[in-house]
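> here is my input, please return the structure:
(one chain, ligands or ions: 1)
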Amino acid sequence: MCGITGYIGYRDAYPIVINGLKRLEYRGYDSAGIMVYDGEQIQLSKTKGKVFDLEAIVSSDGAKKEGKIGIGHTRWATHGVPNDVNSHPHFSQSGDLVIVHNGIIENYDTLKKELVARGYTFHSDTDTEVLINLIEEVKKTEGCKLGKAVQLALTNVIGAYAIAVFDKTKPNELVVAKLGSPIAIGVGDKNEEFFVASDASPFIEYTKNAIYLEDGELAIIKKDKGIKVRKIDNDKEIDATIQELQLNLEQIEKGGYDHFMLKEIHEQPKAIVDTYRGRMLANEGVIRMAGVDDNLSKFLNADRIIIVACGTSWHAGLVGEYLFEDMARIPVEVEYASEFRYRNPIITSKDVVIAISQSGETADTLAAIKLAKSKGAFVFGVCNVVGSSISRETHAGAYTHAGPEIGVASTKAFTTQITVLSLITLKLAQAKGTLSTSTINGYLQALQQIPNQVEKLLAIDPLVRDIADVYKEATNCLYLGRGFNFPVALEGALKLKEISYIHAEGYPAAEMKHGPIALIDENMPVFVIATSKGHYEKVVSNIQEIKSRSGKIVAIVTEGDVTVREIADHVIEIPDTDEAFTPLLTTIPLQLLSYHIAVMLGKNVDQPRNLAKSVTVE
Ligand code: M6R
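Numbering: from 1, shown residues only. Alright, predicted model coming up:
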């Protein structure tokens with residue numbers, strides 16, 4: 001949560017930091033702030049609201065924008081409500097030090113009491129102000145430089161952080177440190193300029209070279225002199241590896257779409273191809289996945305697979321359960337990472353744990369991985385963000401190649417996660433012999449068709465928009481599906497609630513009669529997935545039950561369907577495919593539907609209230 005960015009070099013820092021904040025705004029957007037040092041004074045502006053509001057404040061508060069060093073922050077509140085005072089950056093008591101912070105200092109209360117006893121006063125409710133004053137106190141009492149003071153202060157801190165700290169008395173350096181929250185350092189030409197950010201997007205047009213700090217590392221970045229990286233818990237210097245970024249600017253811009261979410265929905269055909277390219281040779285019946293191939297015996301000898309994830313990734317995990325059990329005949333449990341990590345689960349070295357995460361930074365998923373590893377399980381990651389914490393923490397893994405997903409509502413992450421899970425399943429089914437060669441080849445051919453089918457499906461956008469117009473005023477909605485499409489019902493409901501704030505519930509269609517049916521009346525839209533091979537007759541009976549109680553039915557059916565068309569109020573057709581792969585298609589109209597309803601209601605589609613793209617706190 002929260003995005004931090006910074007610059008030190010020969011260019012004006014203000015536009016770089018402000019543009020960086022705009023790119024990081026997906027990480028949190030309840031307040032924003034910036035500090036630029038103009039050679040004499042610290043110019044600091046901050047406000048509740050978005051980066052857009054910050055720019056307005058800077059224009060009106062007369063703060064000078066010149067200066068070749070600056071740091072900025074976009075916030076998702078943890079300690080203290082979103083207001084101007086709690087916004088970052090925060091000054092130390094003397095006014096010499098300035099900090100931006102992403103994460104949580106869990107022992108901030110104890111530290112604060114100690115600092116109050118030493119004469120410090122606090123203006124905000126944040127844990128961050130405690131940290132900057134702790135750094136100041138250490139600097140003063142130890143008589144050391146900023147880097148050492150940050151290092152010593154952090155050894156007293158319990159929690160998670162990515163920080164950037166500036167010291168007015170040493171204005172040619174920035175100190176950054178990381179534990180649990182990500183931080184990347186962009187290295188400019190000839191070591192003359194450096195960028196700091198929660199991810200590489202703020203500096204991608206300036207440099208393709210980046211250092212990703214590891215947990216427990218601290219970097220001292222000096223203008224014209226370069227970077228020194230060391231461990232926080234000892235003074236050992238580290239040779240930081242400079243990575244070449246694959247990201248380009250086009251990928252992180254809207255490309256003519258009104259919203260990132262819409263762009264990302266439309267990117268799915270390409271994202272799915274990118275995810276299976278080089279891994280699936282459908283005509284030869286070959287599936288190659290280095291992370292699975294290299295660890296095949298672990299998967300084949302596993303007593304069970306445990307999938308851990310949160311939110312949309314958890315829904316993809318549920319689809320994975322249906323795939324693995326049906327095709328590869330391996331028992332699967334799908335767990336919310338946040339529950340798994342605290343419920344003392346039974347995990348053995350015969351378990352394979354698959355952790356799914358778009359961002360690769362979700363705190364609960366990361367903690368679940370660490371727990372599983374500590375019990376001896378083999379942990380495999382399915383992540384989108386290359387080099388993310390989860391991808392580094394797992395024993396092996398497979399990236400989804402969805403490209404950057406910036407809209408808070410996950411779309412292409414979901415379909416590419418299912419694609420990876422499908423490939424792993426088929427690979428294991430092949431290795432175990434649980435499916436015949438011809439069946440596997442049939443599945444591979446079907447999977448290869450999916451991107452074209454998604455492309456075709458996206459053309460139904462006008463129909464979905466019309467349906468959205470009919471139901472946009474609903475206050476409650478029900479989503480029903482069975483088998484492979486039960487997780488899609490959950491995902492459809494999540495998409496609607498998170499961006500339009502309409503209450504929605506996803507249910508297995510047959511469970512409706514055990515409770516939710518009481519909710520059905522003429523005001524209740526029910527979105528039912530009724531694909532032709534997925535317990536079709538049973539779902540048709542469920543639809544009849546809704547109809548008999550005057551519910552409004554929007555059905556997602558296989559093209560050519562006749563029966564449901566006669567009963568439902570609206571019908572959306574998807575192309576025919578194997579039932580196992582229908583989630584890759586049925587989810588598309590539900591994404592579009594949520595998108596259009598949210599737009600019609602005037603909601604902020606890409607930055608829904610109270611949310612952030614990656615949840616790096618508990
Ligand atoms: O980055 P992750 O996949 O680990 O994120 C997990 C959830 O926070 C995420 O899927 C969230 O539920 C999305 N906003 C849903 O659209």
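
> in what element of secondary structure is L371 found?
Using DSSP states H and E, L371 maps to helix 363-374.

> what is the burial count for Q445?
13 (other CB atoms under 10 Å). Bear in mind the C-beta positions are built from the backbone N, C-alpha and C, glycine included.

> okay, now the residue of the chain found nearest the ligand: neighbour count?
Nearest to the ligand, among the residues of the chain, is G311, at 1.9 Å (CB to the nearest ligand atom). By other CB under 10 Å, 24 other residues sit near G311.

> repeat that for Y536.
So Y536, with other CB under 10 Å, has 18 neighbours.

> got the contact list for Y595?
Y595 is in contact with 259, 261-262, 265, 499, 605, counting by CB atoms under 8 Å, 6 or more residues apart in numbering.

> report pLDDT for it.
The model reports Y595 with a pLDDT of 98.

> the nearest residue to N172 once chain neighbours are set aside and Y7, how far apart?
Of all residues not flanking N172 in the chain, K223 sits nearest, at 4.4 Å (CB to CB, 6 or more residues apart in numbering). Note on K223: its distance to Y7, by CB to CB, to the nearest Å, is 10 Å.

> isn't L281 up against L426?
No: taking contacts as CB atoms under 8 Å, L281 lies outside contact range of L426: 11.9 Å.

> who has more neighbours, these two?
Higher neighbour count among L281 and L426: L426, with 25 against 13, using other CB under 10 Å.

> return whichever strand or helix holds the more buried one as CSV; C-alpha atoms alone will do.
According to DSSP H and E, L426 maps onto helix 412-432. Extracted C-alpha coordinates of helix 412-432, given in CSV (Å, rounded to 0.1, in the frame of the first residue of the first chain):
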residue,chain,number,x,y,z
LYS,A,412,-6.3,-9.9,-17.2
ALA,A,413,-4.5,-11.2,-14.1
PHE,A,414,-7.4,-13.6,-13.5
THR,A,415,-7.6,-15.0,-17.0
THR,A,416,-3.8,-15.4,-17.3
GLN,A,417,-3.6,-17.1,-13.8
ILE,A,418,-6.2,-19.6,-15.1
THR,A,419,-4.1,-20.1,-18.2
VAL,A,420,-1.0,-20.9,-16.2
LEU,A,421,-3.0,-23.3,-13.9
SER,A,422,-4.5,-25.0,-17.0
LEU,A,423,-1.0,-25.6,-18.4
ILE,A,424,0.3,-26.9,-15.1
THR,A,425,-2.7,-29.2,-14.8
LEU,A,426,-2.3,-30.6,-18.3
LYS,A,427,1.4,-31.1,-17.8
LEU,A,428,0.7,-33.1,-14.6
ALA,A,429,-2.1,-35.0,-16.2
GLN,A,430,0.3,-35.9,-19.1
ALA,A,431,3.1,-37.0,-16.6
LYS,A,432,0.7,-39.0,-14.5
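
> return the set of buried residues in it.
The neighbour-count criterion (16 or more other CB atoms under 10 Å) identifies 412-431 as the buried residues of helix 412-432.

> for stretch 222-234, same thing?
Neighbour-count burial for stretch 222-234 [16+ other CB under 10 Å]: 222-223, 227, 229-230, 232.

> among these, which ones are in strands?
Judged by DSSP state E, strands contain the following of those: 222, 227, 229-230.

> any idea how far I556 is from R549?
Relative to I556, and taking CB to CB, R549 is found at 20 Å.

> one step back: so which elements touch the next helix or strand after the helix holding L426?
Going down the chain from helix 412-432, the next helix or strand is helix 437-458, by DSSP H and E. For helix 437-458, the packing partners by 3 or more CB pairs under 8 Å, 6 or more residues apart in numbering; DSSP states H and E come out as helix 268-276, strand 280-281, helix 412-432, helix 583-600.

> export the ones you listed to a markdown table and tack on distance to E393?
Formatted as a markdown table, these follow (distance: least, CB to CB, whole Å):
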| stretch | distance to E393 |
| --- | --- |
| helix 268-276 | 21 |
| strand 280-281 | 27 |
| helix 412-432 | 18 |
| helix 583-600 | 27 |
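
> let's have the ones you listed in TSV, adding distance to the ligand.
TSV is the format used below for the helices and strands packed on helix 437-458 (distance: least, CB to the nearest ligand atom, whole Å):
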stretch	distance to the ligand
helix 268-276	14
strand 280-281	23
helix 412-432	6
helix 583-600	10
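
> of all those, which lies closest to A530?
A530 lies closest to helix 583-600 among the helices and strands packed on helix 437-458, at 9.5 Å (CB to CB).
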